[in-house]
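1. fold the stuff below for me.
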Amino acid sequence: MNLAVLLSGSGRTLDNFHQHIKEGRMAGRIQVVIASSAAALGLEKARRYDYPAFHAAASGEINRILADYPVDLVLLAGFLKLYTPPEHLRRSVLNIHPSLIPSFCGAGMYGMRVHRAAHARGVKVSGCTVHFANEVYDEGPIVVQHCVPLAENDSPEDIAAKVFAAECRAYPEAVNLVAQRGVASFWP
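-> Down below sits the predicted model:
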């Protein structure tokens with residue numbers, strides 16, 4: 001599969017994708033990386049990996065860049081904006097969320113906000129969800145979920161570390177499932 005990666009920050013998930021692809025453990029090739037912030041460390045990493053890398057803040061700008069590349073699947077990798085893809089990619093956008101959807105999700109729930117909320121609620125398990133994105137935050141079809149047990153004394157930072165470790169396994173697994181089964185098989 002030809003992959004586009006959209007990110008907003010450090011590019012930790014891009015690092016994970018790059019390593020999995022390099023080791024033959026994730027289907028596909030990264031064709032382009034786009035960051036919502038010109039200062040995103042992920043852009044620097046993308047260039048170091050020799051991926052075409054761009055800054056674009058709005059969906060229209062992103063879609064104009066994507067039009068120049070063969071893209072089968074768009075991977076949101078810590079992309080902090082609601083993205084509206086072009087029609088031909090409307091059902092081909094994957095996202096990862098740092099909780100077990102439907103818990104701790106929706107508008108405004110991202111990153112440490114999720115882990116603080118999970119900690120405050122006293123949940124005994126957390127995890128991550130890879131799902132197809134649609135026009136509503138965290139409501140598209142679920143592809144993969146991974147659970148992580150939480151200890152009584154876990155801080156929000158501990159929860160974040162445990163969940164990110166699960167994300168590093170779950171997202172490549174989801175991409176491989178989509179490559180194997182096809183995008184259409186996940187949509188009603």
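
2. tell me, how many residues neighbour residue 50?
-> Using other Cβ atoms under 10 Å, residue 50 has 8 other residues around it. For glycine as for every other residue, the C-beta is placed from the backbone atoms N, C-alpha and C.

3. show the pLDDT at it.
-> Model confidence at residue 50, given as pLDDT, is 98.

4. the one 5 residues further on now?
-> Listed pLDDT for residue 55 reads 98.

5. the one 4 residues further on too?
-> With respect to pLDDT, residue 59 has a value of 97.

6. buried set for the biggest helix by length in the chain?
-> As assigned by DSSP state H, the longest helix anywhere in the chain is helix 156-181. Neighbour counts over helix 156-181 (16 or more other Cβ atoms under 10 Å) mark 156, 159-160, 162-164, 166-168, 170-179 as buried.

7. now do stretch 40-51
-> 40, 42, 43, 45, 46, 49, 51.

8. and the contacts of it?
-> Applying Cβ atoms under 8 Å, 6 or more residues apart in numbering, the external contacts of stretch 40-51 come out as 5, 7-11, 14-15, 18, 30-33, 35, 52-55, 77-78.

9. in ChimeraX, select just the buried ones from those.
-> Entered in ChimeraX, the line below selects the buried ones among the contacts of stretch 40-51, by 16+ other Cβ under 10 Å:
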select :5,7,8,9,11,14,18,30,31,32,33,35,53,54,77,78
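
10. now the longest helix of the chain: average pLDDT?
-> 98.

11. distance from it to the middle of the chain?
-> Remark: helix 156-181 is offset 9 Å from the chain centroid, using Cα atoms, centre = their mean, to the nearest Å.

12. got it, and stretch 122-129?
-> 18 Å.

13. can I get stretch 47-65 in PDB? Just the C-alpha atoms.
-> Extracted C-alpha coordinates of stretch 47-65, given in PDB (Å, rounded to 0.1, in the frame of the first residue of the first chain):
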ATOM      1  CA  ARG A  47      13.500  14.400   5.700                       C
ATOM      2  CA  ARG A  48      16.200  12.300   7.500                       C
ATOM      3  CA  TYR A  49      14.400   9.200   6.300                       C
ATOM      4  CA  ASP A  50      14.200  10.600   2.700                       C
ATOM      5  CA  TYR A  51      10.500  10.900   2.600                       C
ATOM      6  CA  PRO A  52       9.000  14.000   0.800                       C
ATOM      7  CA  ALA A  53       7.900  16.200   3.700                       C
ATOM      8  CA  PHE A  54       5.700  19.300   3.700                       C
ATOM      9  CA  HIS A  55       3.900  21.700   6.100                       C
ATOM     10  CA  ALA A  56       0.200  22.200   5.400                       C
ATOM     11  CA  ALA A  57      -2.300  23.400   8.000                       C
ATOM     12  CA  ALA A  58      -5.700  23.000   6.300                       C
ATOM     13  CA  SER A  59      -7.300  20.000   4.600                       C
ATOM     14  CA  GLY A  60      -7.400  21.700   1.200                       C
ATOM     15  CA  GLU A  61      -3.600  22.300   1.300                       C
ATOM     16  CA  ILE A  62      -3.000  18.800   2.400                       C
ATOM     17  CA  ASN A  63      -5.100  17.400  -0.400                       C
ATOM     18  CA  ARG A  64      -3.300  19.400  -3.000                       C
ATOM     19  CA  ILE A  65       0.000  17.900  -1.800                       C
END
